[in-house]
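[1] Give me coordinates for this.
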Amino acid sequence: MSPGPQGYPAIIPANVDMTALWQELLADHVAAPADQEPALRALVARAESDGHDLNVVVLTVPQPNFTYYRDIATQLQSEVGGTVLVIGPNSVGSSSADFSRVVQEQAMDDLTLQNPSVAATQMYDELTSPQIDWTLVTLLLVVVTIIGAVLARVRTVRARRRRGEVAQPAAQPPRSAESTSGDDVVSATESSAR
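    Coordinates of the predicted model:
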């Protein structure tokens, strides 16, 4: 078993011939039943014109665990690169160097799995649709918060100045006999001796 997502071992079911899938993907980026191939090749060509390296696998045998689809995609993606979509009768999996895991997971929602070419198109369209850049949103919120804090401080200082509450330097406390320096004691002693 090779490592899968997050370092866990990838589980590739015995009924999946990874070598055959890999060879088909290298040939034309599609490993699917013959009736699905034309539509999927058209999708791959569209993705290529958009600047994405897309590979699509259609499995006809349902897998017992939905994570197997992602494990298959991850294993194939490490060999062929780009983005790999694995579509089965009961679930879908993906692995990509182009799209984040969050975007991939969102793209898997509400797919028409009964028609794999439609499901692949739906997923690709969702992957490439405009996404919210959360890093930019976070940075903007931080900047707005800092500007708000600075403005609040400036207003507070101006309000205090208007009321005459400007902070004055601390007054010098009177010197006590204990705090006088040695020179003061010497000059005091000399003046009393005269």
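[2] Counting neighbours, what do you get for residue 52?
    Around residue 52 sit 18 other residues, with neighbours defined as other CB atoms under 10 Å. For the C-beta atoms, the positions are set from N, CA and C on the backbone; glycine is no exception.
[3] Can you tell me, leaving aside adjacent residues, what's nearest to it?
    Nearest non-adjacent residue to residue 52, counting by CB to CB, 6 or more residues apart in numbering: residue 98, 5.8 Å away.
[4] Let me know the secondary structure of that neighbour.
    Under DSSP: H, G, I helix; E, B strand; the rest coil, residue 98 falls in the coil class.
[5] List phi and psi for it.
    Torsion angles at residue 98 (phi, psi; degrees, to the nearest 10) stand at phi -90, psi -30.
[6] was I right about it contacting residue 83?
    Yes - at 5.4 Å, residue 98 counts as touching residue 83 under the criterion of CB atoms under 8 Å.
[7] Mind checking which of those two has more residues around it?
    Between residue 98 and residue 83, counted using other CB under 10 Å, the more crowded position is residue 83 (23 against 16).
[8] Low-confidence bits of the protein, can you list those?
    For the chain, the stretches with pLDDT under 70 are 1-9, 165-194.
[9] Could you measure from the most centrally placed residue in the chain over to residue 83?
    What sits nearest the mean C-alpha location of the chain, by CA atoms, centre = their mean, is residue 100, with 6.6 Å. Relative to residue 83, residue 100 is positioned 11 Å away (CB to CB, to the nearest Å).
[10] And the next helix or strand past the helix or strand hosting residue 74?
    Secondary structure assigned from DSSP states H and E places residue 74 in helix 67-80. Remark: after helix 67-80, the chain's next helix or strand is strand 83-87, criterion DSSP H and E.
[11] any idea how far that next one is from the chain center?
    Centroid separation for strand 83-87 versus its chain: 20 Å, with CA atoms, centre = their mean, to the nearest Å.
[12] Run the angle between that strand and helix 67-80 for me.
    150 degrees (axes from the mean of the first three to the mean of the last three CA atoms, to 10 degrees).
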